[in-house]
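Colleague: from the sequence below, what's the structure:
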Amino acid sequence: MWVNPHMSPASVLRRHLSRQIAHWGIAGTRLADIESLAAPQAWRSLERHTGQRLRAQFTDAVKELERDGHALLAVVRAAATQAELLGLSPKVRAFKRRYLRIETALDFYADAINSRTNPEMGALLRSCDALVDRAMKDVLVPLGKPVPPVVTFADQGRGALILKYALRLWDPAIQSYVAAIKITRHALHNGTSLLHEAGHQISALIDWNDELRAALITGLRSTSLGECWGAWASEIAADAFAFVFTGYASVCALHDVVADEPRAVFRYAPDDPHPVSFLRVLLGVDMCRHAYGAGPWDELADVWQLTYPLHPSLAAADLLRSSQSVLPRVAELILSRPYRAFKGKSLVDLVNPQRVSPAALRKLEETVGPALFLSSYWVTKDPMRLLALTGLKSAVSGAPSAQSLREQQSWMLRLGDSLAAA
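Modeller: Numbering: from 1, shown residues only. The predicted structure follows:
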């Protein structure tokens, strides 16, 4: 090992600590070029105010990292002894971790924003932004709650996800200014999963999850069943919001995502917040029955149980069988029970699922005609019902026609283009 004979051990240690701080500090200054994180077209695809706030938040985080680096470097230079310098080594390592956490957060948002670079994808995702924004406004504004900004992004995978508004991300300096929602590419033209993720955000902002959990625990006669269903409250709440906003379309889309090998469909894990997939689909059916009576969802339930027969040999067979008998009660507790979170109203009083019943959607299409998917007025006035209608048509058609797919893409692109022009 080469050792400089003219430097004391403390001087050598100081030099190496300073070099490390400088390395991560210089790396941090490169993060300061916020515009380089995403393509200009992608930045332009964001709502203007949202883009400005994201830039400001990123810039502030990088500036704070830079200030911390300068302060730490000054402390290292002022340290007089080897012992003092050794005591600063953990702080230097912490500074490195701080940089990496900020880089991770910025990289996440860069990937999300860059998914909007293609003009057509940008328009589709702007329409997704609008759908989530409309859902949150429909619930939060009547309840006197602020509506957070939203950014949607496309990525691979089976299911959607959300980084909620105000969530502390990888670094304490970066708090999620937006509700960032991933929609999978396969779901872009049937985006009811967006409303599930919006439901997660809404439930968190109005504190419905704990109240729903308590209602399920006390509302089911069996204590063990109540505890089990109560543990699933957060995912049930999100499914319920998707249902009241888009009706049967959300149930059919959920079916298509969770349909899998039998071991996955029947899997029960006590620490998993998701209901057993077998029950989750059937609960969606019972929400349809509770709101609308008989309908195409009954056929879906028959096919589901034919595909996944409930054998006594299954590990959770008793739980699954007992739960099937209380599904109507669970649907009632979710949809029709008043809650403090809703200011004493029920969910169906707050968001009326009758607006997206098959009968109401058919009447809308028959009344307006082809202009429903072509008119900028209808596209911007009621995109939620257009999503429910195109999802319903896909659900009951067996195989979506080329025309129905064109309709879906057409109105979403029109919506996205109208927002770009606003």
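
Colleague: so the closest residue to Gln324 other than its chain neighbours, which of the three states?
Modeller: Counting by Cβ to Cβ, 6 or more residues apart in numbering, Gln324 lies nearest to Leu282, which is 6.7 Å off, once chain neighbours are set aside. Every residue, glycine included, has its C-beta placed from N, CA and C. Following DSSP: H, G, I helix; E, B strand; the rest coil, the label given to Leu282 is helix.

Colleague: and the pLDDT at Leu282?
Modeller: Looking at Leu282, its pLDDT reads 98.

Colleague: then Leu314?
Modeller: Among the per-residue scores, Leu314 shows a pLDDT of 88.

Colleague: so where's the stretch 251-400 of the chain shaky on pLDDT?
Modeller: 399-400 (pLDDT under 70).

Colleague: quick one, helices of it?
Modeller: 262-265, 277-292, 296-307, 317-335, 347-350, 358-368, 371-374, 376-381, 383-397 (DSSP state H, counting those that start in this stretch).

Colleague: contacts for the first one?
Modeller: By that I understand helix 262-265. 258-259, 276-278, 308 (Cβ atoms under 8 Å, 6 or more residues apart in numbering).

Colleague: list only buried entries from the residues you listed.
Modeller: Listed as buried from those are 258, 276-278, 308; burial here means 16 or more other Cβ atoms under 10 Å.

Colleague: list just the nearest of those residues to Val141.
Modeller: Val141 has its nearest neighbour among the buried ones among the contacts of helix 262-265 in Val258, at 32.0 Å by Cβ to Cβ.

Colleague: for that closest one, give me its contacts.
Modeller: Val258 sits next to 264-265, 277, 280-281 when contact means Cβ under 8 Å, 6+ apart.

Colleague: are any of those buried, and which?
Modeller: Buried by 16+ other Cβ under 10 Å: 265, 277, 280-281, out of the contacts of Val258.

Colleague: can you list the contacts of Val258 in JSON lines and add distance to Asp271?
Modeller: Formatted as JSON lines, those follow (distance: Cβ to Cβ, whole Å):
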{"residue": "Ala264", "distance to Asp271": "16"}
{"residue": "Val265", "distance to Asp271": "18"}
{"residue": "Ser277", "distance to Asp271": "16"}
{"residue": "Arg280", "distance to Asp271": "17"}
{"residue": "Val281", "distance to Asp271": "21"}
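
Colleague: determine the longest helix present in the protein.
Modeller: In the chain, assigned by DSSP state H, the helix with the most residues is helix 82-114.

Colleague: ranges for the helices of the stretch 51-200 of the chain?
Modeller: Here the stretch 51-200 of the chain has its helices, by DSSP H, counting those that start in this stretch, at 82-114, 119-140, 192-206.
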